[in-house]
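J.: my questions are about this predicted structure, shown below with the sequence.
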Amino acid sequence: MKLNVGQRVRLATELVLNGSVAPADRESPEEPGLGGASLALAAGTEGTVVRVDAHDKEQSHEVAEYLRLKSLLDSFGHQMPPASRSQLDDQVAALEPAWTAYRRQRLRVTVRVRLDNGFVLDDAPEEFFAS
């Protein structure tokens, strides 16, 4: 589902938030919280999308190497000696499954939603919400 700023949404599932609490005006955010807290938000709680962030996919070493070697092959492969080109072809072919898996990954999208009850969920995966 593609969410947009200003869109009305509702929680698709119940959420439980666990963590420590501290006053918002606290001097140092590095200090540990004053106590533990838990908050449950019911499925169906409605709110408005305030921000939508698309995050780049994580690129593994194999994917970066595939891109580097493929570029080398495409740019200079026709000038290479046959044995070198064959070796490069083999290296690219060996890395192709990592490249294919990377391309199939979904772009990670998170949102900031101001719920009608006053709570704000930030960096929440878009899958938590339904329109």
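T.: Happy to help now that I have it. Only a predicted model underlies this, so the values are computations on that prediction, with no experimental measurement involved.
J.: all contacts plus neighbour counts: C-alpha atoms, from now on.
T.: Fine.
J.: what's the closest non-adjacent residue to the residue nearest the centre of the chain?
T.: In the chain, the residue lying closest to the centroid (CA atoms, centre = their mean) is residue 108, at 3.1 Å. Excluding its sequence neighbours, the residue lying closest to residue 108 (CA to CA, 6 or more residues apart in numbering) is residue 55, at 5.2 Å.
J.: do the same with residue 56
T.: residue 107 (6.5 Å).
J.: flag every buried residue along stretch 73-91.
T.: 73, 77, 85, 88 (16 or more other CA atoms under 10 Å).
J.: report the next helix or strand after the top helix by length along the chain in sequence order.
T.: For the chain, the helix with the greatest residue count under DSSP state H is helix 82-104. Counting by DSSP states H and E, the next helix or strand C-terminal to helix 82-104 is strand 108-115.
J.: related to what we said a few turns ago, for the residue nearest to residue 56, give me phi and psi.
T.: Backbone geometry at residue 107, expressed as degrees, to the nearest 10, gives phi -70, psi 130.
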